[in-house]
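Enquirer: need a 3D model of the sequence below.
(one chain, ligands or ions: 2)
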Amino acid sequence: MAIDTTTEATVDAGEPNEFGYRTFRLGEFEFSRNEYFAYVRWPTGSHVASADAFLKALQRDVAWDFFYGIVNFDGVIGTVNHYGTVDLFAGRYNDSYRKAELDHLENFDTPLIRETFKAMLDDWTNEGFDPFASPTETGSAFGPKNGDNKRAITRHRVTAKRMVGVRGDEQIRSDDSGFPMNRQFLDVSQDEPEVYAEPGFEDDVAAFNLFAYLSRSDVTWNPSVVAACKNSLACPTTEEYILPIIHGNDRVEWFVQLSDQIWWNVEDRDTGQARVKVVMKPGDVASMPADIRHQGYAPKRSMLFVWENADPKLPELLSSGRLPPVAVDF
Ligand code: PHB
Ligand code: FE
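Expert: Ligands and ions are numbered 1, 2, ... in the order given. Here you go, the predicted structure:
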């Protein structure tokens with residue numbers, strides 16, 4: 001079956017299989033699922049992933065529109081964002097696959113892979129499973145196809161143009177707007193700053209309580225833009241359990257641990273070789289180099305401030321060696 005979407009991209013989806021799930025084709029890649037697993041096949045190999053882990057990774061790749069650099073679903077499958085086109089790869093950043101020459105990579109126009117991934121996420125996500133939620137705040141991804149969860153997978157993505165709370169921009173969260181405080185942040189003060197703008201400056205002066213805002217986040221591992229100054233993006237997020245992707249950077253990223261604790265496994269971006277383990281505690285600041293990949297583990301819901309530089313020139317400056325992969329040399 002071909003699903004026509006609003007863009008020119010035509011998704012290649014098969015009829016539902018015996019478990020009710022469609023099989024999707026993208027170039028020479030084929031994606032299928034059954035009750036427990038997602039399978040990826042390509043001309044030189046195949047791969048299996050647990051359905052819940054696969055859907056959590058797919059959800060982020062879709063919601064972030066392929067993010068910065070590389071989104072590894074795991075050690076084998078992933079995407080590289082070229083900002084207009086996207087590589088889909090198997091084993092490309094895995095030393096063993098590379099040495100055995102079993103890796104495979106295809107480049108797609110962004111609308112085609114975007115629409116295919118969106119359709120797959122929708123078809124494979126059952127009612128009651130929320131790929132953005134923490135494990136204890138959602139149901140099961142498993143079993144035969146059972147309804148859908150469009151509300152969860154098409155959440156509004158927060159991208160403030162100036163700052164949360166500014167007139168006409170993203171607004172603060174409240175019970176009334178459908179964002180109750182999370183069970184693990186019930187002790188977070190909900191006071192909001194009082195702002196007395198001079199007449200004529202009401203649209204330009206604003207403040208909000210970031211901790212209160214984050215205490216009401218209903219998702220995990222989802223950096224969202226709460227303030228922007230040119231290319232400088234403040235992207236805080238709340239984390240619990242494991243970051244469902246392994247992010248390969250194409251620029252330096254800064255982390256400020258606002259509460260609780262996150263353990264980061266940091267590896268070489270291209271080979272996956274272990275480089276360092278970083279345990280971040282409240283107040284800790286880390287500058288993650290541009291040539292690494294990392295995955296975070298949060299034993300309890302925590303608040304992390306991710307600071308991104310969205311300058312589109314950065315990937316080329318780094319890959320050509322004109323910028324070093326680290327922010328500071330000691
Ligand atoms: C990252 O890879 O930099 C990243 C991704 C998602 C998060 C936090 C950090 O929630
Ligand atoms: Fe990252």
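Enquirer: for Phe305, give me its contacts.
Expert: Ala234, Cys235, Pro236, Phe255, Val256, Gln257, Leu258 (CB atoms under 8 Å, 6 or more residues apart in numbering). Placement of C-beta: from N, CA and C, glycine included.
Enquirer: OK, contacts around Lys118?
Expert: Applying CB under 8 Å, 6+ apart to Lys118 gives the contacts Val62.
Enquirer: could I get the contacting residues of the residue nearest to Ser134 when sequence neighbours are not counted?
Expert: In this structure, Ser134 finds its nearest non-sequential neighbour in Glu240, 4.0 Å apart by CB to CB, 6 or more residues apart in numbering. Glu240 is in contact with Ser134, Gln184, Thr220, Ala298, Lys300, Arg301, Ser302, counting by CB under 8 Å, 6+ apart.
Enquirer: circling back to that earlier point, a markdown table for the contacts of Phe305, including pLDDT, distance to Trp124 and secondary structure?
Expert: Formatted as a markdown table, the contacts of Phe305 follow (pLDDT from 0 to 100; distance: CB to CB, whole Å; DSSP: H, G, I helix; E, B strand; the rest coil):
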| residue | pLDDT | distance to Trp124 | secondary structure |
| --- | --- | --- | --- |
| Ala234 | 98 | 33 | strand |
| Cys235 | 98 | 27 | strand |
| Pro236 | 98 | 29 | strand |
| Phe255 | 98 | 31 | strand |
| Val256 | 98 | 35 | strand |
| Gln257 | 98 | 33 | strand |
| Leu258 | 98 | 33 | coil |
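Enquirer: buried members of the residues you listed into PyMOL, please.
Expert: Buried members of these, identified by 16 or more other CB atoms under 10 Å, are gathered into one PyMOL selection as follows:
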select buried, resi 234+235+236+255+256+257+258
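Enquirer: out of the contacts of Glu240, which end up buried?
Expert: Of the contacts of Glu240, these count as buried by 16+ other CB under 10 Å: Ser134, Gln184, Thr220, Ala298, Arg301, Ser302.
Enquirer: picking that back up, what lines up beside the helix or strand the residue nearest to Ser134 falls within in the sheet?
Expert: For Glu240, the element it lies in under DSSP states H and E is strand 232-242. Strand 232-242 has the following sheet partners, assigned by DSSP bridges: strand 227-229 (antiparallel), strand 292-309 (antiparallel).
Enquirer: interface residues of the stretch 151-300 of the chain facing ligand 1?
Expert: Trp221, Asn222, Pro223, Thr237, Glu239, Leu243, His247, Glu253, His294 (CB under 6 Å from any ligand atom).
Enquirer: so the residue in the stretch 201-330 of the chain that ligand 2 sits nearest to: helix, strand or coil?
Expert: When scored by CB to the ion, the stretch 201-330 of the chain has His247 as its residue closest to ligand 2, at 3.6 Å. Applying DSSP: H, G, I helix; E, B strand; the rest coil to His247 yields a three-state assignment of strand.
Enquirer: equivalent analysis for the one 4 residues further on, please.
Expert: Recorded secondary structure, Arg251: coil (three-state DSSP).
Enquirer: I'd assumed Asp291 was in contact with it.
Expert: No. Contact criterion CB atoms under 8 Å: Arg251 and Asp291 do not qualify, at 10.3 Å.
Enquirer: now render the strands paired with strand 232-242 as JSON lines, adding distance to ligand 2 and mean pLDDT.
Expert: Formatted as JSON lines, these follow (distance: least, CB to the ion, whole Å; pLDDT from 0 to 100):
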{"stretch": "strand 227-229", "distance to ligand 2": "18", "mean pLDDT": "98"}
{"stretch": "strand 292-309", "distance to ligand 2": "6", "mean pLDDT": "98"}
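Enquirer: dump the ones you listed to a markdown table, plus distance to Phe29.
Expert: Output for these, formatted as a markdown table (distance: least, CB to CB, whole Å):
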| stretch | distance to Phe29 |
| --- | --- |
| strand 227-229 | 35 |
| strand 292-309 | 21 |
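Enquirer: sorry, back to before: closest to ligand 1 among the contacts of Glu240?
Expert: The closest of those to ligand 1 turns out to be Thr220 (CB to the nearest ligand atom; 7.4 Å).
Enquirer: returning to what we had before: gap between the residue nearest to Ser134 and ligand 1?
Expert: Counting by CB to the nearest ligand atom, to the nearest Å, the gap from Glu240 to ligand 1 is 10 Å.
Enquirer: repeat for Ser217
Expert: Distance of Ser217 to ligand 1, given as CB to the nearest ligand atom: 11 Å.
Enquirer: which SSE is the spatially most central residue of the chain in?
Expert: Computing the C-alpha centroid of the chain and ranking residues by CA atoms, centre = their mean puts Arg60 first, at 3.5 Å. Element membership for Arg60, per DSSP H and E: helix 51-63.
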